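Asks: Task: produce atomic coordinates for the following.
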Amino acid sequence: MTQLQMWDFIIGFFLPIAIAAVQRTGWPDAARATAGFFCCLVVGFISTYLSGQFSLLNLSTSILIILVTAITTYKGLWQKTGVAGYVEGLANRGGK
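Replies: Residues are numbered from 1 along each chain as shown. I've put the predicted structure just below:
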């Protein structure tokens, strides 16, 4: 495992919290999924670019690692513990 891949796993672990801060509870599921996917694409691009190892292979690997890790940790940890919902609630109150 490369250093870039390890950072991608770490980023993917915490990214659902940042996504929850952006999303709104009133959004339809399709919009929430699209926003999460777009965030993973952007963060994967930034991660690969900042590592100094930018290539199509590294970019696609980073995006996939971040996407799969973010979905897994959201469904398995952040959603079940209520942390994502709490952050989303805070973001919704701050936006009003």
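Asks: At the geometric centre of this structure, which residue sits there?
Replies: Nearest to the geometric centre of the chain sits L15, at 3.5 Å (CA atoms, centre = their mean).
Asks: doesn't F38 make contact with it?
Replies: No. Using CB atoms under 8 Å, L15 is not in contact with F38; the gap is 11.8 Å. C-beta coordinates here come from the backbone N, C-alpha and C atoms, glycine included.
Asks: Can you tell me the SS state at Q53?
Replies: Three-state assignment for Q53 (DSSP: H, G, I helix; E, B strand; the rest coil): coil.
Asks: Then R24?
Replies: Classification of R24 by three-state DSSP places it in coil.
Asks: Okay, now the unreliable bits of the chain?
Replies: Along the chain, the parts satisfying pLDDT under 70 run over 94-96.
Asks: repeat that for 90
Replies: Low-confidence segments of the chain, defined by pLDDT under 90: 23-27, 85, 88-96.
Asks: just to revisit the earlier point, now the residue nearest to the centre of the chain: how far from S55?
Replies: Using CB to CB, to the nearest Å, one gets 22 Å for the distance from L15 to S55.
Asks: try K80
Replies: Relative to S55, and taking CB to CB, K80 is found at 36 Å.
Asks: Who's the closest spatial neighbour of Q5, skipping the chain neighbours?
Replies: Leaving aside its chain neighbours, Q5 sits nearest to I65 (6.0 Å; criterion: CB to CB, 6 or more residues apart in numbering).
Asks: can you give me the helices for this protein?
Replies: 3-22, 29-51, 56-73, 79-81, 83-94 (DSSP state H).
Asks: now the fourth one: how far from the chain's centre is it?
Replies: The gap between the average C-alpha position of helix 79-81 and the chain average comes to 16 Å, counting by CA atoms, centre = their mean, to the nearest Å.
Asks: same thing with the third one?
Replies: Here helix 56-73 is found 9 Å from its chain centre; the criterion is CA atoms, centre = their mean.
Asks: can you state the direction angle for it and helix 3-22?
Replies: Relative orientation of helix 56-73 versus helix 3-22 (axes from the mean of the first three to the mean of the last three CA atoms, to 10 degrees): 50 degrees.
Asks: Remind me what helix 56-73 packs against, helices and strands.
Replies: helix 3-22, helix 29-51 (3 or more CB pairs under 8 Å, 6 or more residues apart in numbering; DSSP states H and E).
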